[in-house]
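Trainee: My questions are about this predicted structure, shown below with the sequence.
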Amino acid sequence: MNSKIMESCRQAFKSPFLILLAVPGLITLFIFNYLPMYGVLLAFKDFDYSKGIWGSSWVGLKNFEYFLTSSQLFVVIRNTLLLNVAFIVSQTIAALTIAVLLNEIRIKWFARLSQSVIFLPYFMSWIVVGMITQSMLGGQNPTVNEWLIQLGLSEVNWYFEALLWPWILSVIKVWHGAGYFAIIYLAAITSIPEDLYEAARIDGASRFQAVRKITLPLLIPTISILTLLLIGRIFNGDFAMIYAIVGDNSLLFPTTDVIDTYVYRSMRVLNDFGMSSAVGLFQSVMGLVLVLAVNSFVRRVSKESALF
């Protein structure tokens, strides 16, 4: 993988027109990703609106104290890590399954229709998803409870049972995002030479055997890179998703309160931009450390599967 990237870079520098094509993207990347990084200074300052970032006084590591000495520190970090691990594992398994199944469909119009239907939830706002979840699990007569009654099962007070919500959020995350990752894996599958499958069929391999012996092993580099990119944000809770669905329901905080929602509630009370910036810097640094550690492990196992 790294050799291919280096070869692509060498080819690009040989053609000035390819470099010109990259200029708008590089400018956009600099403006929206690198230029705002000076805001990291807020994590070490007592921010004053009238003085601005540069004029505000330095406070060293004081902004980190509120979060790192909080009684809820262990709970929110645990929830953030466990939920993200559940999301990564469930989405990866679901996306791989969907991609393999889509690749096996031989009717082209049905394959395109299936891709569109599976991909559609990814474009839905989390606000809309939260409203759907509320109608299914909340209110006086939740739709899911009506189904349970019809099956002869007892009702469940969904918004009172904290232990159920890691599972519920994982299902929602898979429904919302698995289609997106499935398209990426499907694109990787289509790049696998057809000769390999032809040889497998000649040797008498079934479709399942071809998937197990050819498709999945050749997808390992793609799986590794996508997983490493997701691990980079493992300390960042999906604020939009969790707040839109759970909101300020304190009964569910023991299993759903993540770093981002905790900081948001603290911001509403303290109105302290320095503290929120310190937490954001903490999340980014921890994510970087995890990516470097996991990437180092992956390189020892398979250099082709490593991110760098």
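Mentor: Perfect, thanks for sending it.
Trainee: ok, G55 - contacts?
Mentor: D48 (C-beta atoms under 8 Å, 6 or more residues apart in numbering). For the C-beta atoms, the positions are set from N, CA and C on the backbone; glycine is no exception.
Trainee: try S276
Mentor: S276 neighbours (C-beta under 8 Å, 6+ apart): V263, S266, M267.
Trainee: Tell me who's in contact with the first one.
Mentor: Applying C-beta under 8 Å, 6+ apart, we find V263 in contact with F67, M275, S276, V279.
Trainee: Please identify, among the residues you listed, the one with the most neighbours.
Mentor: Highest neighbour count within these: V279, with 24 neighbours (other C-beta atoms under 10 Å).
Trainee: Go ahead and list the helix or strand containing that one.
Mentor: According to DSSP states H and E, V279 maps onto helix 273-301.
Trainee: got the contacts of S276 as JSON lines, with secondary structure columns?
Mentor: Shown next, in JSON lines, are the contacts of S276 (DSSP: H, G, I helix; E, B strand; the rest coil):
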{"residue": "V263", "secondary structure": "helix"}
{"residue": "S266", "secondary structure": "helix"}
{"residue": "M267", "secondary structure": "helix"}
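Trainee: Excluding sequence neighbours, find me the nearest residue to F64.
Mentor: A278 (4.7 Å; C-beta to C-beta, 6 or more residues apart in numbering).
Trainee: separation between the one you found and V59?
Mentor: Applying C-beta to C-beta, to the nearest Å, the value for A278 to V59 is 10 Å.
Trainee: re the thing from before, you'd agree the residue nearest to F64 is up against F67?
Mentor: Yes - counting by C-beta atoms under 8 Å, A278 touches F67, with 6.6 Å between them.
Trainee: shared neighbours, those two?
Mentor: Between them, A278 and F67 share no contacting residue under C-beta under 8 Å, 6+ apart.
Trainee: that older thread, contacts only, for the residue nearest to F64.
Mentor: L42, A43, F44, N63, F64, F67.
Trainee: For the third one, give me its contacts.
Mentor: Same thing as F44. W58, V59, G60, L61, N63, G274, A278.
Trainee: at 10 Å what do you get?
Mentor: Shown in contact with F44 (C-beta atoms under 10 Å, 6 or more residues apart in numbering): S56, W58, V59, G60, L61, K62, N63, F64, G274, S277, A278, L281.
Trainee: Backbone dihedrals for the second one, both of them.
Mentor: This means W58. Main-chain torsions, W58, degrees, to the nearest 10: phi -80, psi 140.
Trainee: go on, the third one?
Mentor: Backbone dihedrals for V59, given as degrees, to the nearest 10, come out at phi -130, psi 10.
Trainee: And for it, the neighbour number?
Mentor: V59: 16 neighbours (other C-beta under 10 Å).
Trainee: looking at it, it is touching D48, isn't it?
Mentor: No - if you go by C-beta atoms under 10 Å, V59 and D48 don't touch, sitting 11.3 Å apart.
Trainee: list the residues that contact both of the two?
Mentor: Joint contacts of V59 and D48 (C-beta under 10 Å, 6+ apart) are G274.
Trainee: A43 is in contact with L61, isn't it?
Mentor: Yes - with contacts counted by C-beta under 10 Å, A43 reaches L61, the gap being 8.8 Å.
Trainee: Can you say which helix or strand has I172 in it?
Mentor: Assigned by DSSP H and E, I172 falls in helix 165-190.
Trainee: Spatially central residue for this structure, please.
Mentor: Centroid-nearest residue in the chain: L230, 5.2 Å away (criterion: C-alpha atoms, centre = their mean).
Trainee: how near is that one to V171?
Mentor: Look at L230 and V171: by C-beta to C-beta, they are 18 Å apart.
Trainee: same check, this time on F30
Mentor: 39 Å.
Trainee: With N249 instead?
Mentor: N249 is 18 Å from V171, by C-beta to C-beta.
Trainee: Between these two, which has more neighbouring residues?
Mentor: Taking N249 and V171 together and counting by other C-beta under 10 Å, N249 has the greater number of neighbours (15 against 12).
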